[in-house]
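>>> sequence and predicted model, in that order:
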Amino acid sequence: MSKKTDLSKVRNIGIAAHIDAGKTTLTERILFYAGGLYKIGEVHDGAAHMDYMAEEQSHGITITSAVTKAHWQDHTLQIIDTPGHVDFTIEVERSMRVLDGCIIVLDAVRGVEPQTETVWRQRSKFNLPSLFFINKVDRIGADFDHALQTTKGKLSANPVPVTVPLTGEHAVVHLIDKTIVTFSGEHGEQVAVTPCDPNIWERMADYRETLLMGIAETDEEFADHVLAGEEPEPDIIWTALRRATLSGEIHPCFGGSALRNLGVQPLLDAIVKLLPCPLDRPASAGFHQYGREQSVEMVDNGPLAMLAFKIQMWEGRRHVFARLYRGQLKPGDTIAYVGADGAIKQEHVARIFDVDAAKKSRLDQANAGQIVLLSGLRHVTTGDTMFQLDHPVLLERIDTRDPVLSLAIEPASSDQEDKFLDVLGKLQEEDPTLHFGEDAETGQRLLSGMGELHLQIVVERLQREYNLTVKTGKPAVALRETITSIGSADLLFQPPVDTSHKGVEMKARINTRVTPGARGSGLITRIEPKILPEGSSLNDAQIAALKEGVAFSVKGGPLEGAPLQDMVISIDEVELFTTASTPDALNAACARSVRRAIANASPALLQPIMKAEVTVPEENLGTILGDLQSRHAVIQDTLRSGDMASILCEVALAELLGYTTILRSMTQGRGHFSTQFERFDTV
């Protein structure tokens, strides 16, 4: 594809939600109606177009974000279907980073769920204009109004209804056009639009008023017309609603059922009418390599600025998903990027591909605004900015999260050792939340990730994709250490001359104080000491040595050797002894002093605490509550909907290992639960 894309007719959007809300099913319908598929694939049949990995098909969930394209009303929709399971939240984070807008899918029975809150925070971080699709309105217990209210109460969103499902009919009422939209045919592909019956329209009066008054709060001119009792024309409503949607002041809501082919086409119309094209988004903030800020405008005729947001092994070769923010790219072009060591490096782009889930087609050029797949880049990694050598620029990186669960892992046979290390290196490149390393104390190799399912999928992929059989141990939670009281240490470092550095005398005294910090505050270091003797001062090398000493001392705590956090370290006093107080002496004295102060401050272990929602049949509620309390869960709320009940609680991750099997056994297979990491805390 060499012709230039009209960016005003491009929509880069993501579809995100809590697990099992129907994201992938909605994406399948969008592709079918937009002509991207000739046949709808169902998730429950393991045939969804977007769930192309074998693990996705067997587990019935989305694991990796998949990119696809569709065309609607002369517009190109580039869609990323993201996972809903919390273990794969990095896929949502890096997708949101490169999108222009998103659709948040809600279950009409359950409304906003824990992972909905997580993806909403990720969306909010990048200020993405958003639409809500309230799905599964055909289910028993579905409540469109309740789902609307949960977006306001739990997400602090400003929802306004645009299409409202008609109870008992395969139709929705369109509040802007004052029409009834009916869906018929085998897959709901036949759409009939008729004027709304006056009796039905009377029932819609409150919804219509909510829509108009919601827009009026963001638009003074529109408000004047509404308050004067005028009925604005549909075009005027669409224009005002688009403006408020792009600014993030309003979040339009659409009702329907993707599985029952209800209400999807009006959502497609709204994607084109309400969500931004790349040119509608503010210019990206870029930085020169040395920190000077610069603006990156989405234009073809500027120097290249492109963000690598995902690495994927495709047909055994390394590929990079990238979004162009400025300039153009052709196969064979040389790109530059900043390596982990801070130096600018160069690589050559071999080929450029357009992507549709598991299929790729070659392009002879990529333009600003496009999301493409690149081959030939051996070292560029997630979050790297690619640029022209003579125009260095750094775009905002992608945040990753630390793993919370570890698994001992080894190849089943020693002759697969090299392959084992090579494959795990590749998987870590694909997934920044996956860590592989060796336990310094036990010598065990540990694979660490975001949860049991995350690690299970990795082990399955090792077998299926790489024919690599591994032995695994029991999962173990990642621990942290902290302190629970104020501790101090006054330490004089003075080793015998014959054992000190190169036989030179070393001597320094340091007084350190450590204070507990708030949960989640991390490590705060204050190096503003009183220097003795009076009139003395520290040079740059000595200050750097103190910082290195602190950094070395907090790598492992005194209890389990786990990383330390949530504390304030203050170097209060440093006593120098002329030439004996070398940087090495200060480094050693500082490290020992800090470690002793921590040991004196009542150290404690921190465990990962998860925010959990456990959904069970009403008749099992008492039993499950008792079981959770036996696991030291802190019950926060219990919600009832129909014959099901949801328990909201906080519980240590260690108490939830293997809980899926236990919960299914206790509820005859009807119970399920979801978790998201909340914080590290004492139990």
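Cool, got the structure. Numbers count the residues shown, from 1 in each chain.
>>> wait, residue 650 touches residue 633, no?
Yes. Shown here, residue 650 and residue 633 form a contact pair, counting by C-beta atoms under 8 Å, at 6.8 Å. Every C-beta, even on glycine, is put in place using the N, C-alpha and C of the backbone.
>>> mutual contacts of the two, please.
residue 612 (C-beta atoms under 8 Å, 6 or more residues apart in numbering).
>>> now do residue 302, the pLDDT please.
Looking at residue 302, its pLDDT stands at 87.
>>> in three-state terms, label it for me.
At residue 302 the chain is in coil, as set by DSSP: H, G, I helix; E, B strand; the rest coil.
>>> and the closest residue in space to it that isn't next to it in sequence, how far from residue 33?
Nearest non-adjacent residue to residue 302, counting by C-beta to C-beta, 6 or more residues apart in numbering: residue 326, 4.4 Å away. Relative to residue 33, residue 326 is positioned 33 Å away (C-beta to C-beta, to the nearest Å).
>>> what do you get for residue 654?
Taking C-beta to C-beta, one finds residue 654 at 46 Å from residue 33.
>>> next one: residue 298
Residue 298 is 28 Å from residue 33, by C-beta to C-beta.
>>> with residue 371 instead?
Taking C-beta to C-beta, one finds residue 371 at 22 Å from residue 33.
>>> tell me which of these two has more neighbours.
residue 371 (24 against 21; other C-beta atoms under 10 Å).
>>> and that one, what does it touch?
Counted by C-beta under 8 Å, 6+ apart, residue 371 has contacts 12, 67, 78, 80, 98, 321-323, 355.
>>> can you say which of the residues you listed are buried?
Using 16 or more other C-beta atoms under 10 Å as the burial test, the contacts of residue 371 include 12, 67, 78, 80, 98, 321-323, 355 as buried.
>>> show me which of the residues you listed is closest to residue 419.
residue 321 (25.6 Å; C-beta to C-beta).
>>> ok, the closest one touching residue 67?
Yes. Taking contacts as C-beta under 8 Å, residue 321 lies within contact range of residue 67: 7.1 Å.
>>> gap between the spatially closest residue to residue 376 that is not a sequence neighbour and residue 316?
Distances taken as C-beta to C-beta, 6+ apart place residue 350 nearest to residue 376, at 2.8 Å, with adjacent residues excluded. Residue 350 sits at a distance of 15 Å from residue 316 (criterion: C-beta to C-beta).
>>> try residue 607
Distance from residue 607 to residue 316, by C-beta to C-beta: 39 Å.
>>> who has more neighbours out of the two?
residue 607 (19 against 8).
>>> does that one really touch residue 477, like I thought?
Yes. Counting by C-beta under 8 Å, residue 607 touches residue 477, with 6.1 Å between them.
>>> and the residue nearest to residue 429 when sequence neighbours are not counted, what is it in contact with?
Residue nearest to residue 429 in three dimensions, not counting chain neighbours: residue 311, with 4.8 Å by C-beta to C-beta, 6+ apart. By C-beta under 8 Å, 6+ apart, the contact list for residue 311 reads 318-321, 381-382, 429-430.
>>> return the subset of those lying in helices.
Within the contacts of residue 311, residues falling in helices by DSSP state H are 429-430.
>>> drop anything exposed from the contacts of residue 311.
Buried members of the contacts of residue 311, scored by 16+ other C-beta under 10 Å, are 318-321, 381-382, 429-430.
>>> distance to residue 189 and pLDDT for those residues - can I get that in CSV?
Listed next are the buried ones among the contacts of residue 311 as CSV, based on distance: C-beta to C-beta, whole Å; pLDDT from 0 to 100:
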residue, distance to residue 189, pLDDT
318, 40, 86
319, 34, 88
320, 37, 88
321, 31, 87
381, 43, 85
382, 39, 82
429, 42, 82
430, 37, 79
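>>> can you redo those as JSON lines with distance to residue 150?
Below are those laid out as JSON lines (distance: C-beta to C-beta, whole Å):
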{"residue": "318", "distance to residue 150": "42"}
{"residue": "319", "distance to residue 150": "39"}
{"residue": "320", "distance to residue 150": "38"}
{"residue": "321", "distance to residue 150": "33"}
{"residue": "381", "distance to residue 150": "38"}
{"residue": "382", "distance to residue 150": "33"}
{"residue": "429", "distance to residue 150": "38"}
{"residue": "430", "distance to residue 150": "34"}
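>>> circling back: overlap in contacts of residue 607 and residue 477?
Common neighbours of residue 607 and residue 477 (C-beta under 8 Å, 6+ apart) are 652-654.
>>> out of those, who's the most crowded?
Highest neighbour count within these, by other C-beta under 10 Å: residue 653, with 23 neighbours.
>>> hang on, it packs against residue 450?
No. With contact defined as C-beta under 8 Å, residue 653 does not reach residue 450; the gap is 10.5 Å.
>>> which residues do those two both contact?
404-405, 677.
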